[in-house]
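Q: Attaching a predicted model along with its sequence, questions to come.
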Amino acid sequence: MATPFFMDDDDDEESQQIRQLSADQIAQGDHIKALEVIETWISSAHNNKKKKKILDFLSFQQGHIFTKQAKRAENIAAKFAFLLGSAECYSENVGFSSFCAAPLYGLGCLIGSPLYLKKSVGKAKEYLSVLASFDELSSQEEKSLKDVKCILEAAESRIAAGSPKDPEVSVSKNSKEKTKTESDYVRGLRSYWSGLNVESKRKFMEVSIADFTSYVQRLYGTEGRDALEKVLGSVRKCKRWRLWVCRSCSQEFLPLKKFKNHLEKEHAAKFKPSTTEHMAQMVDEAWAGMVSVAGWEPVDTAAAVEMIKTRLEFVKAKFLKEIQLLLVLFCERKILSCGLRDWMMRFPIKYLARFEVSKHTLTTECRLAETPQSICFLGRSELEQILDLLKRIKCEREDGREMICRAVDSFCSGARVKEKLDFDEQCSSLLLDKRLLRCEIAQFDDEGTVSFLNPNDHYAKAHARGDDIVSWLADPSFEDERFRFPRPVRTHNLDIWVAVLRAVQFTCRTLGTKYAKKLQMLGYDAGLVDAINLCVTENKKRSVPEHQWNKYASLLGDECERKHLATESRDSHKTRLFLCSVRDALEEAPHPTFDFPDLEDCLKRIHGRKDLSDDVVLESIDRLRSIVAYKVALVDTKMLLVENSRISLFNDLIRLSVFDYRSYILPPLKELLLEVMNVAVAEADLLLEEKKKPPSKKKKHRSDKRTSTSMSTPLDKTVEHEHSVKLDLQGTSPSLQTTEKDYVEPDNSLSGERNPLKFSSDTVDEEEEGMQNMPGEESVIREGAARCNSALDMILKALLNIKILQEDLMQSEKPFHNDLEKQVPEILHSYILSDLLTSREVISMSSDTAEIVVSILESWQSCKSPERESLVTRLFTLEEYERMSCSRCRHKPNYPEQSSYGIVMAADSIRDLKCAFGKIKFVDILKMIRMEDKMLCDLKTGGCGKANFVHHIISRCPPIFTVVLEWEKHETEKEISETTKALDWEIDMSRLYEGLEPSTKYRLVSMVGCGEEEEHICLAYKKNRWVGVRHDAFPEEAVGNWESVIRFCGERKVRPKILFYEASH
């Protein structure tokens, strides 16, 4: 079913902009941003009638978002919440009936509730009645008609079958609940922590706010700094970490009462009747107390002896006991309404009137009518009527509110915090929970209060035993992939929050429907009362003989005629209800009707009964009033049931609105503490190694632009690594050449990060020089060409799947200017492959895939054509500064800028970190591995020799980013699959390099892998799906989505070696 909206030229510019903005965000798949835009507009314009059309459009879009979210949701409770939110959005406009029927049907199927199925049937019939009024239907309307009929038939079929519940599909949690093995990295941290003295451990618990702010600014820029300062300022002011945030308008609230009032007043979270007089009300506590406490025994109203003889007291006692139990139950469930009480109290008044006990006596003198026990006077027939009504009342409404509660629980549980976080007295430091020093904290801190303490006194008696703090630091429990610092607080759980708000509004809408129905019944009853008053007034006037009396039926007919002629009546609705009530009374209708017929026809039917006897008229009116009172009592109870559901959903919304700022800042705070600990661990390991081995007599000297050295840490893997792909860029500037320093290579010790992907002609020249001295040069060249042909072929295919590179090559390669109609990638591939295979640079290199990428780019870079050199520089070259600030001597050496085409990482290190931390993004894995890259404070430039953490600052970020994975060639299918699962289709470069705008997203467009028999394969993202590309003799193989790629690599034992990411913007 297509959207019922189209853009109008007469819409104002602001409306058109908001339409386009929200539509663009939905098209891009960013539903959170779309909801932000929609909610901001709805909050600001919900009372503006001029904006009704744009509000309807935004409500429709929001319903569409929730429908898609319901399809994505694996949690059945969350699916229910999104479907209910969608139903409310589509309920905003009667024109959305066809769209509203579908989620209502889905709700009914999920919980097996006839309530939603009946609503779905009603919406479907509403839409069909609209289409029936059309002279001709369009093709889209024909399709909608067919779809809605299917929903209608399915819903009616389920209702007839007893509304069966769909079976719950249990989601396998095996993949998510794997036993996590502790990594070498964590074991190393534990070992270091255990070696610290008590004073050092206590000092570690005090975190400088200035250092924290500096760290956040380094990682997230000014956005992160501003977010942190706002958080800390708010917490210092309120003295609480937890507060309530309205996701609809971004306001923060404390205390809770103020927030509740805001939701009810500004966001329609409570039904507002036209008058509170007729709203269903619970009985007061005094009356409810009498129901549960006072005795319920039969009362002798005529002759106790006669009652005993007939044994009626036993039957009455049974009825009274059942009535009491039901009333007590209704009190407990808060559905015993004043309307139900008033209906029951009509029976004692009417019954005792037979014994000449007046209503005045019962209500005023003895006030017996104010006690529930007054029904003990009633006879068996009256008690049966009361019991019959009470048994028809449902104590629970099958509206699935418990599903909403489960959904909210699942979203709230991840944001609860156990650890207290306080300030020092000067508000210059954050003080971690001292319990972390001695044990794991079991209970959650749902208060979130803040204390201002003296650190020395606070930690003085804290016993530092155990290493649970290391587990706490390494625990990524707050790493919500959808919400990370420094995103606006408003976006936290925004989608489920708005869905629950819409669910609350849906119950308010239902309550409004019940209220309107009650008003209609009361208006009908008022018409009957007016009719009785007319009859009573006429009876007082009867002083003439009976045959001259004006009959009640005739009198009521004349009154109806008079009201009909008063066409300027202020309340035509009231007039119609009066005519309906008189017609039903004169026709002795079994039940009240509210069909509002044609007035002329109604008057004709009324005048046709003008000879009806007065007794029959009065008896009919009295019976209809009893039925109306019966129905009003039932409606009151249903209204209280709906209100109970609203309160339950409202409380769920309140729970979901809680935001704990600790969960917001703890991830970056833990990252900072891990960085501090990593530096300390690296320094301790270096000192230990220096003590163990004698002074080295042999140094390897080679040209490099850094004074850093790769250092052994808990993440390191000891492997043989005979070659390096760290090659300098050709054409290095003079300034770079003059700052080259000597560095010490570690002995066979490599950290998880290999050297950056850099290139120079030096290595190629050395290889060529060596080959010139070898016999059989031509055969070696042929063998080298054959050996790397497969890898070269696939790498070229992967490169040419990058759109920006393909377009640039089209402009720079002359042979393609006159052949634009052909398949561009194939033409480029054939041309470049033949060009490279004849190049000595390619033939002279080894078969290593990383070096093939080097050679391809160098062949373009070394080409005399200025266009090609510009292509490599613009598209591939990454300009990076490495900065170090010594934590011991504060020395800050100024190292020159370096150029590279990407990074090289060890596959096993990536796999180990993924297994250790579970829910961790690929870019964060890369970042953690880079944290192991330590730089020595250079003694030659006045430093102290201490190892320090390296900051990677980028000055130029190219549109193409390359990641090379190094494998050991003996991995199992499980290891390959686990490594591939660690990769991500999208990465945020701002988390890997400093100096970039937050959320600088790159997306994987192609990659090259190597199979079991060293056969290379290219996996490319084409036309919204992944395909496998092999040698030209084989056709492309459809792989599917990213999950299918992961499965493909595991099953085929394909080791991803080269990943090409392209800037998503």
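A: Ah, there it is. Bear in mind the structure is a predicted one, so any value in this text is a computation, not a measurement. Numbers count the residues shown, from 1 in each chain.

Q: Quick check on E986: phi, psi?
A: As for E986, its main-chain torsions (degrees, to the nearest 10) stand at phi -130, psi 140.

Q: pLDDT-wise, which helix or strand of this structure ranks last?
A: helix 734-738 (a mean of 29; mean pLDDT, DSSP states H and E).

Q: Give me the neighbour count for V357.
A: Residues within reach of V357, counting by other CB atoms under 10 Å, total 18. Any C-beta I mention is one placed from the backbone N, CA and C, and that applies to glycine too.

Q: Assumed it was part of a helix.
A: No - per DSSP: H, G, I helix; E, B strand; the rest coil, V357 lies outside any helix segment and is coil.

Q: Could I get the phi/psi values of it?
A: The phi/psi pair for V357 (degrees, to the nearest 10) is phi -100, psi 120.

Q: H591 now?
A: Dihedral angles for H591 - degrees, to the nearest 10 - are phi -140, psi 150.

Q: just I903 next, same as before
A: In terms of degrees, to the nearest 10, the main-chain angles of I903 are phi -130, psi 160.

Q: Repeat that for E966.
A: The phi/psi pair for E966 (degrees, to the nearest 10) reads phi -100, psi 130.

Q: next one: I953
A: Per-residue torsions, I953: phi -110, psi 130 (degrees, to the nearest 10).

Q: Next: L243.
A: phi -150, psi -180.

Q: show me what contacts it?
A: Taking CB atoms under 8 Å, 6 or more residues apart in numbering, we find L243 in contact with S234, E252, F253, L254, V658, F659, Y661.

Q: what helix or strand is the first one on?
A: Under the criterion of DSSP states H and E, S234 resides in helix 209-238.

Q: W549 - nearest residue in space that isn't next to it in sequence?
A: R542 (5.5 Å; CB to CB, 6 or more residues apart in numbering).

Q: Model confidence at the nearest residue to A268 once chain neighbours are set aside, what's the number?
A: Leaving aside its sequence neighbours, A268 sits nearest to Q505 (CB to CB, 6+ apart; 5.3 Å). Per-residue pLDDT puts Q505 at 95.

Q: does Q505 sit in a helix, a strand or a coil?
A: Q505 ends up helix, using three-state DSSP.

Q: State the number of residues packed around T1000.
A: Other residues near T1000 come to 18 when the count uses other CB under 10 Å.

Q: cool, A566 as well?
A: For A566, the neighbour count with other CB under 10 Å is 11.

Q: Spatially nearest residue to it, not counting backbone neighbours?
A: T575 (7.7 Å).

Q: again with V617
A: Y552 (4.5 Å).

Q: ok, now Q62?
A: Nearest residue to Q62 in three dimensions, chain neighbours excluded: C89, at 4.8 Å (CB to CB, 6+ apart).

Q: Which of the helices or strands spans the residue nearest to W549?
A: Applying DSSP H and E, one finds R542 in no helix or strand.

Q: From I606, how far off is it?
A: Distance of R542 to I606, computed by CB to CB, to the nearest Å: 22 Å.

Q: same thing with G289?
A: Separation of G289 from I606 (CB to CB) stands at 48 Å.

Q: The two: who's more crowded?
A: For G289 versus I606, neighbours defined as other CB under 10 Å are more numerous around I606 (24 against 13).

Q: I'd guessed that one sits against C580; true?
A: No - using CB atoms under 8 Å, I606 is not in contact with C580, being 10.3 Å away.

Q: C889 in helix, strand or coil?
A: C889 ends up coil, using three-state DSSP.

Q: Just the pLDDT for it.
A: At C889, pLDDT is 79.

Q: What residues does the residue nearest to it when sequence neighbours are not counted make contact with?
A: Closest residue in space to C889, ignoring its immediate chain neighbours: C944 at 4.3 Å, by CB to CB, 6+ apart. Residues near C944 by CB under 8 Å, 6+ apart: C886, R888, C889, H891, C937.

Q: tally of neighbours for D468?
A: By other CB under 10 Å, the residues close to D468 number 17.

Q: On the three-state scheme, the residue nearest to it when sequence neighbours are not counted is what?
A: Nearest residue to D468, sequence neighbours excluded (CB to CB, 6+ apart): E440, at 4.5 Å. What three-state DSSP gives for E440 is coil.

Q: separation between E440 and E136?
A: E440 sits 71 Å away from E136, taking CB to CB as the criterion.

Q: Touching the helix or strand where L131 lies from outside, list them.
A: Assigned by DSSP H and E, L131 falls within helix 114-132. Outside helix 114-132, the residues that touch it by CB under 8 Å, 6+ apart are 94, 97-98, 100-102, 104-105, 107-109, 137, 141, 144-145, 148-149, 151-152, 155-156, 158-159, 163, 397-400.

Q: can you pull the buried residues of stretch 372-381?
A: For stretch 372-381, a neighbour-count test (16 or more other CB atoms under 10 Å) marks P372, Q373, S374, I375, C376, F377, L378 as buried.

Q: Great, nothing more from me.
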